[in-house]
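1. Turn this into a structure:
(one chain, ligands or ions: 1)
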Amino acid sequence: MTESLTSVRKKHLLINGEWVEAGEYSSIRSPYSGEIIAEIPMATEAETELAIEAAMNARQAMAKMPAHKRAEILENLVRSLQERAEEAAEIIALEAAKPIATARQEVSRTIETYKFAAEEAKRIHGETLPLDAARGGENRLAYTVREPIGVIGAITPFNFPMNLVAHKVGPAIASGNTIILKPASQTPLSSFFIAELLLEAGLPAGALNVVTGSGRVTGDKLVTDHRVSMITFTGSPAVGIGIRSKAGLKRVTLELGSNAAVIIDKGVDIDKIIPRCVTGAFAFQGQVCISLQRAYVHEDVYEEFVSKLVTETEKLTVGDPLDEKTDVSALISSGDIERTLSWIKEAESQGATVVAGGKSEGNILFPTIICDADSTMKVSCNEVFAPIVVINKVKNVEEAVELVNDSRYGLQAGIYTNDITTALNAADNLYVGGVMINDIPTFRVDNMPYGGVKESGTGREGLKYAVEEMTEMKLVVWNRN
Ligand code: NAP
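-> Okay, the predicted model is just below:
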């Protein structure tokens, strides 16, 4: 591990291009070892106010910056992140307890996300409109342009501390906006790291400000301040719904939680799909918004699926996130261990069967498989955000589609089937933001439109789509009469 990462670091607020010492600090600990890893500023409302002011003042510089320059800043960031990729992965592993191999994948994805952002910066454009299609519209030239929305408040969760920040910072810079970033309190080190690289990459002072601290204080200030034109939030439904209700006329993008499901039809090659299902359910301890939480399996292949999933799951190695061999490490907090154990207990007491895991050691919950969990049990209807998957037997795909849709959430769903008509019908009838045919719901690459329906949120990320959300359409009409 890089030497600088082993010592406790004191970080500062980034306001107007300067690292500013805050009035108050708080320690963050490794979720795995419990050791203090950094001292983090707890921004007050007044300090958040300074960040908003800096972002307001930098607006003109960003809005007037040519597209090639915005792209160049992002390309510079990509290069330095490529050079320092291992350090970046270690930061993620340390603050989030993400197994190092998975943390490296997050860094590669982050690099790709910023590359897509650099490319997107060069293709933001409007369209010409045939106004003469309307009576009275003759002899007019009309076109739209897309202008930056202004100051964006970006609030991010702990689970992808680098790539989910990239999904907000990347398109915001690409489209000429300024940003105040409020990362999750447990995982701010990835944001500070990226902010350092962006300053070196040539981003003007004030274009990106980083304020850490309590979501209630800093988050609330961003959400309620009239100078902030948009809030882009990724996190839990409870916080997202609260933000939406306070944000007034601000544009709000909400990327929230889910209890994502997969359907497995008869005739599917179970051996082929088991490794994907293990990854979907247990990668980063199931703390992924599209983690595979529910599987609905056709009765013809149910027994085979359960027994093979258990066999492969029991081969997973639990342990230290910085150990190359670790597949599953600690949950983000000890409170999550208590919560998940009590949900497992509830399921068992109401007739479900735990066929793997179901126990903890320190902050690690062993990968857990539960059969016959009724749709009203917490492990099924709530977002578990832990290495837990429930498997239920179904008579046919239609029944499975109904069960998948019987949820407050709707982010992504997957279906494995060899039948084209079944796949097409499922794509029509699953009420989610994205349907994955012959894959787990956990599939995501960073340029695809990504977002949900129902309590999974509103709006889409994926660079092109985020740029649409982060720009205002303006109409220009020339009267030639
Ligand atoms: P969280 O508790 O909702 O926190 C997310 C962010 O909101 C943090 O920065 C948090 O700050 C801040 N916050 C808390 N209270 C706030 C308030 N009153 N006003 C404004 N901001 C506030 O979520 P999490 O536990 O970090 O992340 C897990 C959740 O994120 C899961 O539900 C998961 O499904 C969801 N998620 C969704 C997606 C997606 O793309 N759909 C992707 C990843 C994760 P503090 O840390 O200081 O509390």
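2. quick one: contacts for Asn429?
-> Val401, Asn405 (C-beta atoms under 8 Å, 6 or more residues apart in numbering). Where you see a C-beta, it was placed from the backbone N, CA and C, and this is true even at glycine.
3. Sorry, wrong one. I was asking about Arg408.
-> With C-beta under 8 Å, 6+ apart, Arg408 has these contacts: Pro237, Cys381, Lys454, Glu455.
4. Between those residues, which sits nearest the ligand?
-> Pro237 (6.4 Å; C-beta to the nearest ligand atom).
5. Who are the contact partners of the closest one?
-> Counted by C-beta under 8 Å, 6+ apart, Pro237 has contacts Leu256, Gly257, Glu383, Arg408, Tyr409, Glu455, Ser456, Gly457.
6. Got a ChimeraX select line for the buried ones in the residues you listed?
-> Those of those that count as buried under 16 or more other C-beta atoms under 10 Å are selected in ChimeraX with:
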select :256,257,383,409,455,456,457
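7. and of the contacts of Pro237, the nearest to the ligand?
-> When these are compared against the ligand (criterion: C-beta to the nearest ligand atom), the nearest one is Gly257, at 3.0 Å.
8. Next one: the nearest residue to that closest one once chain neighbours are set aside from Met436, what distance?
-> Leaving aside its chain neighbours, Gly257 sits nearest to Glu383 (4.1 Å; criterion: C-beta to C-beta, 6 or more residues apart in numbering). The gap separating Glu383 from Met436 is 19 Å, by C-beta to C-beta, to the nearest Å.
9. Can you find the residue of the stretch 1-150 of the chain that comes nearest to the ligand?
-> For the stretch 1-150 of the chain, C-beta to the nearest ligand atom, closest residue to the ligand: Met42, 9.2 Å.
10. Could you list the low-pLDDT ranges of the stretch 1-150 of the chain?
-> Scanning the stretch 1-150 of the chain for pLDDT under 70 picks out the ranges 1-8.
11. Now, the contacts of Pro237 that are in helices?
-> The helices, defined by DSSP state H, take in nothing from the contacts of Pro237.
12. hmm, back to that, what sits against the residue of the stretch 1-150 of the chain closest to the ligand?
-> Ala22, Glu24, Tyr25, Ser26, Thr212, Gly213, Ser214, Val217.
13. Against Asp220, how distant is it?
-> 14 Å.
14. Let me know whether Leu316 touches Ala281 as I believe.
-> No: in this structure, Leu316 is not within contact of Ala281 by C-beta atoms under 8 Å, at 10.1 Å.
15. who touches both of those two?
-> Contacts common to Leu316 and Ala281, judged by C-beta under 8 Å, 6+ apart, are Pro367.
16. Please identify the buried residues of stretch 344-360?
-> Neighbour-count burial for stretch 344-360, counted by 16+ other C-beta under 10 Å, picks out Ile344, Ala347, Glu348, Ala352, Val354, Val355, Ala356, Gly357, Gly358, Ser360.
17. any idea what the second one is structurally, helix, strand or coil?
-> Going back to what we said before, that points to Ala347. Each residue gets one of three states, and Ala347 gets helix by DSSP: H, G, I helix; E, B strand; the rest coil.
18. Give me the pLDDT for it.
-> What the model reports for Ala347 is a pLDDT of 98.
19. Mind naming the longest helix for the chain?
-> Assignment by DSSP H gives helix 100-121 as the longest helix of the chain.
20. ok, residues contacting the helix or strand that that helix is followed by?
-> Moving toward the C-terminus from helix 100-121, the first helix or strand encountered (DSSP states H and E) is strand 128-129. Contacts of strand 128-129 with the rest of the structure, by C-beta under 8 Å, 6+ apart, involve Leu141, Ala142, Tyr143, Thr144, Leu475.
21. So between Leu316 and Ala281, which is more surrounded?
-> Ala281 (29 against 16; other C-beta atoms under 10 Å).
22. quick one: Thr340 is in a helix?
-> Yes: Thr340: assigned to a helix according to three-state DSSP.
23. What separation do you get for it and Glu196?
-> Following C-beta to C-beta, the distance that separates Thr340 from Glu196 is 35 Å.
24. quick one: which of those two has more around it?
-> A side-by-side neighbour count of Thr340 and Glu196, using other C-beta under 10 Å, places Thr340 first with 23 against 15.
25. Run through the residues that contact the closest residue to Gly202 other than its chain neighbours.
-> In this structure, Gly202 finds its nearest non-sequential neighbour in Ile73, 5.0 Å apart by C-beta to C-beta, 6+ apart. Residues in contact with Ile73 (C-beta under 8 Å, 6+ apart) are Ile173, Leu198, Ala201, Gly202, Leu203.
26. Contact residues of the stretch 151-300 of the chain facing the ligand?
-> 155-160, 164, 182-185, 214-216, 219-220, 223, 234-236, 239, 242-243, 255-258, 289 (C-beta under 6 Å from any ligand atom).
27. for the stretch 1-150 of the chain, what spans make up the strands?
-> In the stretch 1-150 of the chain, the segments counted as strands under DSSP state E, counting those that start in this stretch are 9-10, 13-15, 18-20, 25-29, 36-41, 128-129, 140-148.
28. how about the fourth one: buried residues?
-> Of the residues in strand 25-29, those scored as buried under the neighbour-count criterion (16+ other C-beta under 10 Å) are Tyr25, Ile28.
29. how many other residues sit next to Ala283?
-> Ala283, neighbours per other C-beta under 10 Å, totals 22.
30. what about the residue nearest in space to the middle of the chain, which helix or strand?
-> Compute the mean C-alpha point of the chain, and by C-alpha atoms, centre = their mean the closest residue is Leu164, 4.7 Å away. Leu164 belongs to helix 163-174 when assigned by DSSP H and E.
31. could you give the angle of the helix or strand that that helix is followed by to strand 140-148?
-> Later in the chain than helix 163-174, the nearest helix or strand by DSSP H and E is strand 178-182. Interaxial angle, strand 178-182 versus strand 140-148 (axes from the mean of the first three to the mean of the last three C-alpha atoms, to 10 degrees): 40 degrees.
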